[in-house]
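Enquirer: generate a structure from the sequence data that follows.
(chains A, B and C)
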Amino acid sequence: MALLDHLNSPQLAAVTLDPQHHALVLAGAGSGKTRVLTLRMAWLMQQGLVGPGGILAVTFTNKAAREMVTRMTALLPISPRGMWIGTFHGLCNRMLRAHHRDAGLPSTFQILDIADQLSAIKRVLKAHQIDDEKYPPKQVQRFINAAKEEGLRPGQTEAHDSFHRRLDEIYDLYQTQCNREGVVDFAELLLRSHELLQQQAAVREHYQRRFRHILVDEFQDTNRLQYRWLKLLAGGGASVFAVGDDDQSIYAFRGANVGNMSEFERDFAGPHLIRLEQNYRSFGHILDSANALIANNDGRLGKNLWTDRGEGEPIRVAETVSDAAEAQWVLSEIQSLVAEGRLRREIAILYRSNAQSRAFEHALFSAQVPYKVYGGLRFFERQEVKHALAYLRLMENPHDDTAFLRVVNFPTRGIGARTLEQLGDVARERGSSLYGAVALVAGKGGANLARFVELVDRLRFETTGLTLPELVDHVLQHSGLRQHYEQEKDGSDRLENLDELIPAAAAFIDEGPMPDFDGDGVIAEPLPDDAMPALAAFLSHAALEAGDNQAADGQDAVQLMTIHAAKGLEFEAVFITGLEEGLFPHENSAVDPAGLEEERRLMYVAITRARERLYLGYTQSRMLHGQTRYPMRSRFFDELPESCLKWLTPRQPAWAQGAEARRAAWEESDWSPRPRASAAGASGGLASAGGIMVGEQHFRVGQSVHHARFGEGVILALQGSGTQAQAQIRFADAGTKTLALGVAKLEAR
DNA sequence: GTGTCCCTCCTCGGC
DNA sequence: GGAGGGACAC
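Expert: Model prediction:
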């Protein structure tokens, strides 16, 4: 059958697995994962084993979902309309819209993005006079989201001390506020949807009957709640086809639980485990390096990538004197690659943190090499766009206090902090929204508030019956936003973005009618056919899909991005830069073994992005937080097979690395490296990474230490010697401290 | 009520 | 080094 041509045998086994069986597909980088996933769906339908309505396919990003739909429709002449293919959040939103009453939500519920959520939390703290220094909003936000991702409601979190009991109370206050305002945050979409399925038998049974095949992409990135949601949906006998790679799990820091992979094996009674290990992307040296590196991690499910493409070029490594020099090196290599005829868009510069992009941008810009930086603010996250959306949200749901506060005095209309404080007090007393309390504020402030409410009501009234793009245009014009940015100096960029909302709305409408929330209409309620659902859907879209961060200009440009952003992508040539202790592995992650393993997986992801050429760079000195650091080269170099590497600069022994070595070299004005007495015996290998002796103790950068008061930490930098010796140490709980090694009692770990 | 300066803090980031 | 938030002057 044409559908199955050119598949290797594990791929074929996965695609044509008995439809009754569950499967866990361990799909290595570049092993044809997306192809297997889409072919599996196509095969099931082509064999008549399931119709489009019986499939639920879930991904993490909108991009991945779109790609799946595109590939699918290329394989089979079907409309993806009846199919549930989307992100976890997108699908949960769809379910909650259809069953909002059963889920206890207003039909007009709005979605808070992370920024909206943070401002909602700040309001909670303020309204209840909670000290925001003791309970920093960001920390409260992390606590709430982590609790929700574990499926925990207020009162159910582990409150073993007064601090956490208070956090739990704040969580409760926050949730009450969200419920009153009719808003849900991202984690709430998941949690509500899970509770809906759990508590409403009719809804649960409906979807369990409907979905016969559940497919999950990037399964290693699922959190506990997402896994429970899947389990609940599969509870009616559906087959689950989970595809993932434990070695590419790089999102534990935001709640991903790789443990779901082994749990899946248990819960689904030993599913068929299929390994896709043949790599169609990279040459041998690249894969050998990736395999050797990742072998240093414990508890892997186990997998070894191989290729029949041959060894290819060695991996080129360079040490440079500074971050600027590193950028110059990368630039000159890129110029040679381009001269050889490679496309710039096939070349990627990868880094651990966004701050590193500046040096590369500077070098590329000066040399007039086109480049594109990924990351940063995206369209729907821009201030001016969020302002416009806030007006739209208020028209849809006037009790959305977050939206209210964002624009109540923007553009300024004489409503200040004092007036808003009064308004807040009144609203709290009456338990109403800010909008609902406006009439009770007297005086000049009250009159201004009344004018604002009139404006919103008028906008709603005037736009009835308009199409979505017309509606948006009207609001931009009559809210005063457009005039505001016209008058503002340097406001032209913002004005452009603002106006871009109109075509964005038009494009949204063109993408097709609103998804029928549930095609069979048995449970879902029919929706009225006027502009309001379009607006509601558009607002969901804006929250769930923040849009591109930069318009694609079609120019052939070098790609700059973090390694996280590069996951899932591939390039002919890849530069992995800033391979230094403290940066990569990052100092915040090096304190515990789990963090270090995640850094190693990140390095694994970075290496496996390259098809033909791979370059590794590190530097002797780097500007970080406005300070110059003298880092050691990354420990990951010691985990790569020497036979795969080609050093473009001499490989310096480990003792010649780091601050102490630089200081010594400078003081002695002696650039011929030789071992120093303090590091005698150091001759390569992990344990010998330079450092200094203080009394009987030997310290080195990257070492884990214990301090009686500050707890566990890791040495970031060393300076001085003997009684003058100091160490900069990052402690897990106490932050970064500079300690005198002769005085501080440190235990080596 | 509004605008400006200074102080702080600092990974990775999709939905 | 640079963004964002709070304190303070107009």
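Enquirer: contacts only, for the residue of the stretch 251-400 of chain A at minimum distance from DNA strand C.
Expert: Closest to DNA strand C within the stretch 251-400 of chain A is A:Ala355: 6.7 Å, counting by C-beta to the nearest atom of the strand. For glycine as for every other residue, the C-beta is placed from the backbone atoms N, C-alpha and C. With contact set as C-beta atoms under 8 Å, 6 or more residues apart in numbering, A:Ala355 has these partners: A:Leu624.
Enquirer: which phi and psi does it have?
Expert: Per-residue torsions, A:Ala355: phi -60, psi -20 (degrees, to the nearest 10).
Enquirer: got it, and A:Ala610?
Expert: Backbone geometry at A:Ala610, expressed as degrees, to the nearest 10, gives phi -90, psi 130.
Enquirer: contacts only, for the residue nearest to it when sequence neighbours are not counted.
Expert: Nearest residue to A:Ala610, sequence neighbours excluded (C-beta to C-beta, 6 or more residues apart in numbering): A:Val574, at 3.8 Å. Residues in contact with A:Val574 (C-beta under 8 Å, 6+ apart) are A:347-348, A:350, A:606-607, A:609-610, A:613-615.
Enquirer: now for the residues you listed: which two are most distant?
Expert: A:Ile347 and A:Ile607 (15.7 Å; C-beta to C-beta).
Enquirer: okay, the residue of the stretch 251-400 of chain A closest to DNA strand C: pLDDT?
Expert: Looking at A:Ala355, its pLDDT is 89.
Enquirer: thinking again about what came up before, can you tell me the SS state at the residue nearest to A:Ala610?
Expert: Look at A:Val574: counting by DSSP: H, G, I helix; E, B strand; the rest coil, its state is strand.
Enquirer: please list the residues of chain A that sit near DNA strand C.
Expert: Residues of chain A found near DNA strand C (C-beta under 7 Å from any atom of the strand) are A:132, A:355, A:623, A:625-626.
Enquirer: pull the most distant pair out of those.
Expert: Spatially, the most separated pair among the residues of chain A next to DNA strand C is A:Asp132 and A:Met623, at 31.7 Å (C-beta to C-beta).
Enquirer: and the closest residue to DNA strand C within the stretch 401-550 of chain A, how many neighbours does it have?
Expert: Of all residues in the stretch 401-550 of chain A, A:Ala417 sits closest to DNA strand C, at 9.1 Å by C-beta to the nearest atom of the strand. Neighbourhood size, A:Ala417 [other C-beta atoms under 10 Å]: 8.
Enquirer: so what pLDDT did it get?
Expert: 81.
Enquirer: ok, A:His478 to A:Val258 distance?
Expert: 51 Å (C-beta to C-beta, to the nearest Å).
Enquirer: surely A:Tyr227 meets A:Asn260?
Expert: Yes: at 4.7 Å, A:Tyr227 counts as touching A:Asn260 under the criterion of C-beta atoms under 8 Å.
Enquirer: next up, phi/psi of A:Arg352, please.
Expert: Main-chain torsions, A:Arg352, degrees, to the nearest 10: phi -80, psi -40.
Enquirer: mind listing what it touches?
Expert: A:562-563, A:578, A:583-584, A:586, A:602.
Enquirer: okay, those in a markdown table with secondary structure next?
Expert: Listed next are the contacts of A:Arg352 as a markdown table, based on three-state DSSP:
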| residue | secondary structure |
| --- | --- |
| A:Thr562 | strand |
| A:Ile563 | helix |
| A:Gly578 | coil |
| A:Leu583 | strand |
| A:Phe584 | coil |
| A:His586 | strand |
| A:Leu602 | helix |
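Enquirer: with pLDDT as extra columns, can I get the residues you listed in CSV?
Expert: Shown next, in CSV, are the contacts of A:Arg352 (pLDDT from 0 to 100):
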residue, pLDDT
A:Thr562, 93
A:Ile563, 94
A:Gly578, 95
A:Leu583, 92
A:Phe584, 92
A:His586, 91
A:Leu602, 95
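Enquirer: now, which of those lie close to DNA strand B?
Expert: Among the contacts of A:Arg352, proximity to DNA strand B is found for A:562, A:586 (C-beta under 7 Å from any atom of the strand).
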